[in-house]
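[1] sequence plus predicted model, see below.
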Amino acid sequence: MSGKLSNRRPPILRLPEELQLAIIELATVDPRPFSTTCNDYELLDSGTAKSLTLTCRHFKHISVPYIYHTINLGSYPVAPPSPTLKALLRTLREMPFLGEFCRVLLVHIPDAGVRPPPQADGDFDLAHELLTYLPEVGCFHLWGGFSKPNDHRTWTLIRHVLHSSLRLEHLFLRKFAEDISLNDIITDVRSTSLKTLSIKGVSASTPAMTTPSFLLDPERYRAGTFRRLDIVDFFDSAGSLHDLLLWPASLEHFSFQTVHNNLHSWDLTLFRPMLGPFKESLRTLDIGWLATTEPRELINFASFPRLEYLRLSAYQLVHCNARVASSLLLGPRLATFGLNFDVDGQQNEDWRAFGSREANWIRDFAVTAIHKHTALRKIEINFTPDYDSYKPTSEDLYPWNLMDWIKGSIGTFGMYLEYSEPVVTEKQWERDMQRMGVPPNH
């Protein structure tokens with residue numbers, strides 16, 4: 001009789017609990033883009049986990065850790081404390097063991113002029129109390145709280161996280177309205193466990209400055225333990241970036257994206273002395289659009305022996321001969337090379353940014369790599385043009401037809417091309433061209 005009853009149990013409940021837990025984790029992964037920013041910790045959707053607790057007593061028991069794995073207060077200010085934070089604290093005060101399940105914490109602090117910002121130390125009391133219940137946080141995201149004169153309270157909270165979360169490995173600091181000071185980052189981010197430091201929105205120094213906006217304390221030289229550094233929206237100078245890169249002892253992954261409205265002069269060659277100390281350690285490198293009128297020369301990334309992934313702005317490349325570029329960019333382990341047509345992270349690229357010239361360049365680059373028997377196996381193209389403001393001419397081509405042509409040309413040799421989804425189908429593009437009285441160019 002007991003055998004018959006056990007056979008009536010749903011198939012998933014007959015699986016070993018380890019498999020059930022794996023299934024629950026996959027089901028609760030947050031699908032939003034920022035969920036991929038923390039490689040060691042998936043961001044989980046607590047709403048899905050809560051729904052699972054309603055299905056049966058068994059799932060209620062094993063789903064609880066997934067409810068508290070990711071505490072996302074990104075939409076609910078922690079200072080001044082929101083009703084959501086107060087409700088969470090009431091639960092943790094009654095059942096403090098629940099806080100030990102938290103691995104990812106996302107918090108938001110408003111900036112002046114957008115939402116009511118914190119005005120006094122007492123506004124942070126509950127945020128500090130929350131941290132006392134979360135000793136196992138490994139990934140901390142902070143959005144906002146850097147507007148002066150109250151930013152010192154935000155940095156006190158950051159120091160509390162770094163001190164109390166002994167397992168903290170990934171720190172993400174993101175501007176809300178006010179940018180983040182490099183000097184504050186260098187001064188207050190002190191941890192022996194950090195693997196990742198990600199910064200979005202670095203404050204600008206004045207264009208007339210010939211020296212960096214901060215001076216690295218000698219005791220901080222090569223003291224940073226993080227091996228991944230991601231920077232987005234950098235408004236400071238190349239000199240300041242150079243000094244910032246004196247901080248980490250070693251880097252395996254470096255990403256530098258968008259110099260939107262940066263008043264300083266930039267080009268790819270500025271990165272040569274900055275990245276030189278990490279030549280032997282870098283495995284992935286991604287340098288986005290730079291505010292420059294004409295690129296001067298490329299860097300010899302082929303001499304980086306461990307580099308496996310390299311993505312550069314296409315506007316730094318297509319003016320250079322493809323065969324020459326291949327000799328400078330294709331190192332002994334480089335398996336994936338990416339071309340990024342993004343302009344500055346604030347606006348989409350022009351439809352005509354990808355045409356026959358760009359397609360021929362990529363094909364020549366790939367063919368050269370094949371003939372040289374390099375390690376390159378994949379080329380990526382990031383191209384998402386602004387179609388809403390597109391004004392067609394009879395000479396325009398459908399860019400994704402060109403990408404398909406490249407893919408077919410190099411695919412027979414074992415080279416794979418991956419590219420962005422079309423922003424409009426070819427049929428719709430042709431209909432729009434005809435509607436505007438422009439014959440499509442095939």
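    On my side now, so go ahead.

[2] elements contacting the helix or strand containing L285?
    Assigned by DSSP states H and E, L285 belongs to strand 284-287. Applying 3 or more CB pairs under 8 Å, 6 or more residues apart in numbering; DSSP states H and E, one finds that strand 284-287 contacts strand 253-257, strand 309-313. To be clear about C-beta, it is placed using only N, CA and C from the backbone, and glycine gets the same treatment.

[3] what angle do the last one and strand 253-257 make?
    What that stands for is strand 309-313. 10 degrees (axes from the mean of the first three to the mean of the last three CA atoms, to 10 degrees).

[4] so what strands line up beside strand 309-313?
    Neighbouring strands of strand 309-313 in its sheet, by DSSP bridges, are strand 284-287 (parallel), strand 336-340 (parallel).

[5] any idea how far Y309 lies from R333?
    Distance of Y309 to R333, given as CB to CB, to the nearest Å: 10 Å.

[6] who's more crowded, the two?
    Y309 (18 against 15; other CB atoms under 10 Å).

[7] hmm, the more buried one is touching T336, no?
    Yes: using CB atoms under 8 Å as the test, Y309 is close enough to T336 to be in contact (4.8 Å).

[8] sorry, back to before: contacts for the strand holding L285?
    Strand 284-287 is contacted by residues 252-257, 268, 271, 275, 301, 304, 307-313, 338, 340 when judged by CB atoms under 8 Å, 6 or more residues apart in numbering.

[9] and F304, what does it touch?
    K279, E280, L282, L285, G331.

[10] assumed G113 was part of a strand.
    No: G113 is assigned coil when assessed by DSSP: H, G, I helix; E, B strand; the rest coil, not a strand.

[11] where along the chain do the helices fall?
    2-7, 17-28, 46-53, 57-69, 83-94, 125-132, 151-164, 182-188, 238-244, 271-275, 322-329, 356-371, 399-411, 426-435 (DSSP state H).

[12] so which of those helices comes closest to Y387?
    Distance to Y387, taken as CB to CB, is lowest for helix 426-435 among the helices of the chain, at 8.4 Å.

[13] show residues contacting the closest one.
    For helix 426-435, with CB under 8 Å, 6+ apart as the criterion, the contacting residues are P392, D396, Y398, W400, N401, V424, P439, P440.

[14] now the buried members of the residues you listed.
    Buried by 16 or more other CB atoms under 10 Å: P392, D396, Y398, W400, V424, P440, out of the contacts of helix 426-435.

[15] next up, the contacts around the closest residue to G74 other than its chain neighbours.
    Once flanking residues are discounted, G74 sits nearest to L106: 4.4 Å by CB to CB, 6 or more residues apart in numbering. For L106, the contacting residues are L43, T70, I71, N72, L73, G74, H141, W143, by CB under 8 Å, 6+ apart.

[16] does the last one have beta-bridge partners, and which?
    What it means is W143. Applying DSSP bridges, one finds that W143 bridges with H108, R174.

[17] verify the stated contact: it with V107.
    Yes: shown here, W143 and V107 form a contact pair, counting by CB under 8 Å, at 7.2 Å.

[18] and the pLDDT for the residue lying closest to F235 once chain neighbours are set aside?
    Leaving aside its chain neighbours, F235 sits nearest to A204 (3.6 Å; criterion: CB to CB, 6+ apart). With respect to pLDDT, A204 has a value of 74.

[19] mind checking how far A204 is from S181?
    10 Å.

[20] kindly report the same for L402.
    Taken as CB to CB, the span from L402 to S181 is 44 Å.

[21] try R435
    R435 is 51 Å from S181, by CB to CB.

[22] these two: which has the busier surroundings?
    It is S181, of R435 and S181, that has more neighbours when counted by other CB under 10 Å, with 19 against 8.

[23] what is the burial count for the residue nearest to that one when sequence neighbours are not counted?
    Counting by CB to CB, 6+ apart, the nearest residue to S181 once its immediate chain neighbours are dropped is S203, at 5.3 Å. Here the number of neighbours of S203 (other CB under 10 Å) works out to 18.

[24] S203 is in contact with N183, isn't it?
    No: in this structure, S203 is not within contact of N183 by CB under 8 Å, at 9.1 Å.

[25] related to what we said a few turns ago, make a markdown table out of the strands paired with strand 309-313 and add mean pLDDT.
    Below are the strands paired with strand 309-313 laid out as a markdown table (pLDDT from 0 to 100):
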| stretch | mean pLDDT |
| --- | --- |
| strand 284-287 | 96 |
| strand 336-340 | 96 |
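
[26] and of these, who's closest to G122?
    strand 284-287 (42.0 Å).

[27] just give the number of residues close to S327.
    13.

[28] T374 versus that one, what's the distance?
    From S327 to T374 the distance is 10 Å (CB to CB).

[29] and what of A127?
    51 Å.

[30] the more surrounded of these two?
    A127 (26 against 19).

[31] how about that one: what's its closest non-neighbour residue?
    The nearest residue in space to A127 (CB to CB, 6+ apart) is V78, at 4.1 Å.

[32] ok, the one you found touching L130?
    Yes: in this structure, V78 is within contact of L130 by CB under 8 Å, at 7.0 Å.

[33] overlap in contacts, the two.
    Joint contacts of V78 and L130 (CB under 8 Å, 6+ apart) are L85.

[34] for these two, indicate the residue with more neighbours.
    Legend: neighbour count by other CB under 10 Å for V78 and L130, higher for V78 (28 against 23).

[35] who does that one form a beta bridge with?
    P81.

[36] excluding chain neighbours, what is closest to Y309?
    Using CB to CB, 6+ apart, the closest residue to Y309 is T284 (4.1 Å).

[37] list the beta-bridge partners for the one you found.
    Here T284, judged by DSSP bridges, has bridge partners H253, Y309.

[38] I'm done for today, thanks for sticking with me.
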